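**Q** For reference, the sequence and a predicted model appear below.
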Amino acid sequence: MSSFIRLASLLLLLLLLTTCEGGLIPSKVHMKITNDLENGLVLNLHCQSKDNDLGVHALSKGGAFQFVFRPSFGGHTLFYCSMDWQGTSHHFDIYNYNVDGNRCKHDCPWSVKEAGPCLFNFESGKYDICYPWK
């Protein structure tokens, strides 16, 4: 086999490995952040990464904001959000590849409560992976 054909075959194989969902590049992650604050409080949510500002969203009780992204190949993806309601302000890393890369491979649903954000646990079927505010 000629060097050109070998090189072309390797490039085609690399292209296939990096563009399919099961390849080297991580799968897309579907984020969903739901307002579960008590007493009908509106959640003002502002999420961003180093490269993407997703804007400010006012979520009524039960309202949700969703976005989709593909983690970076090097595993350095970080999305952080400010969450404000009625004179209260908090920040939280809603997706950190080093923490969430294995448990949020496709879907990453969060519930925002006064005590802190809770990640949906697919094993229990509940939002019971909860964190205090930083």
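**A** Arrived safely.

**Q** And the helices in the protein?
**A** Applying DSSP state H to the chain gives helices spanning 3-19, 97-100.

**Q** can you give me how far the last one is from the chain middle?
**A** When you say that, I think you mean helix 97-100. 10 Å (Cα atoms, centre = their mean, to the nearest Å).

**Q** Numbering from 558 from now on, please.
**A** In the new count, where the first residue is 558, that last one comes out as helix 654-657.

**Q** Report the mean per-residue pLDDT for it.
**A** Helix 654-657 shows a mean pLDDT of 90 in the predicted model.

**Q** coming back round to it: which stretch in the helices of the chain has the least confidence?
**A** helix 560-576 (a mean of 56).

**Q** isn't residue 605 right up against residue 636?
**A** Yes. Counting by Cβ atoms under 8 Å, residue 605 does reach residue 636; the two are 7.0 Å apart. C-beta here means a position set from N, CA and C on the backbone, and glycine is covered the same way.

**Q** Find the residues that touch each one of those two.
**A** Listed as contacting both residue 605 and residue 636 by Cβ atoms under 8 Å, 6 or more residues apart in numbering are residue 611.

**Q** of those two, who's got more company?
**A** Neighbour count, other Cβ atoms under 10 Å: between residue 605 and residue 636, residue 636 has more, with 24 against 14.

**Q** Now do the contacts for the closest residue to that one other than its chain neighbours.
**A** Nearest in space to residue 636, with sequence neighbours left out and distances taken as Cβ to Cβ, 6 or more residues apart in numbering, is residue 652 at 4.3 Å. Shown in contact with residue 652 (Cβ under 8 Å, 6+ apart): 586, 588, 634-636, 661, 665.

**Q** Which of the residues you listed lies at the shortest distance from residue 613?
**A** residue 636 (14.6 Å; Cβ to Cβ).

**Q** what about residue 600, how many residues close to it?
**A** Neighbour number of residue 600 under other Cβ under 10 Å is 22.

**Q** Show me where the protein has its strands.
**A** Along the chain, the segments classed as strands by DSSP state E run 586-592, 600-605, 610-616, 621-626, 635-642, 645-653, 664-670, 673-678, 683-687.

**Q** in the first one, what counts as buried?
**A** Looking back up the chat, that one is strand 586-592. By neighbour count on 16 or more other Cβ atoms under 10 Å, the buried set for strand 586-592 is 586, 588, 590-592.

**Q** Sounds good, over and out.
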